[in-house]
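> Build me a model:
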Amino acid sequence: YATIVQRATGIVLEGIGLPGHFILGVPSGSPALTESGGKAPIFVDPFHGGEVLSLENCRQIVQRYGIPWDERMVRPLRHVEIWSRMVRNV
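Model (predicted):
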């Protein structure tokens, strides 16, 4: 999904592993944010039709699992972390 978006729009998306839900985020400093004047982070849910999420939406997703919110939960994952998560979910 991230590759398709990048090819179509030039916007790079980073993997973010919320507890119980994997999403994508637009990196801070991205031209996609600065050109639109946006300062708030933008997240995309590839498993729900590419729905655009706010930080508040991310907090709500985490809290549905009964887990206390921490903003560090939306930090981008390294590729090895993404692969490890995928293997654990198999």
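> could you point out which element follows the one helix or strand in the chain whose mean pLDDT sits lowest?
Using mean pLDDT, DSSP states H and E, helix 31-34 stands out as the lowest-scoring helix or strand of the chain, at a mean of 58. Next along the chain after helix 31-34, taking DSSP states H and E as the criterion, comes strand 43-45.
> which helices and strands does that following strand pack with?
strand 21-25, strand 51-53, helix 55-64 (3 or more C-beta pairs under 8 Å, 6 or more residues apart in numbering; DSSP states H and E). The way it works is simple: take the backbone N, C-alpha and C, and place the C-beta from them, glycine included.
> Return the most buried member of these.
strand 21-25 (a mean of 20; mean count of other C-beta atoms under 10 Å).
> List the neighbouring strands of that one plus their orientation.
Applying DSSP bridges, strand 21-25 is found paired with strand 14-18 (antiparallel), strand 43-45 (antiparallel).
> check contacts around Val44.
Counting by C-beta atoms under 8 Å, 6 or more residues apart in numbering, Val44 touches Tyr1, Val5, Leu13, Ile23, Leu24, Gly25, Val26, Gly50, Glu51, Val52, Leu53.
> Lowest-confidence entry in those?
For those, the weakest pLDDT value sits at Tyr1, with 75.
> which residues touch the residue lying closest to that one once chain neighbours are set aside?
Distances taken as C-beta to C-beta, 6 or more residues apart in numbering put Pro46 closest to Tyr1, at 4.0 Å, once the chain neighbours are dropped. Contact analysis of Pro46 by C-beta under 8 Å, 6+ apart lists Tyr1, Ala2, Phe22, Ile23, Leu24.
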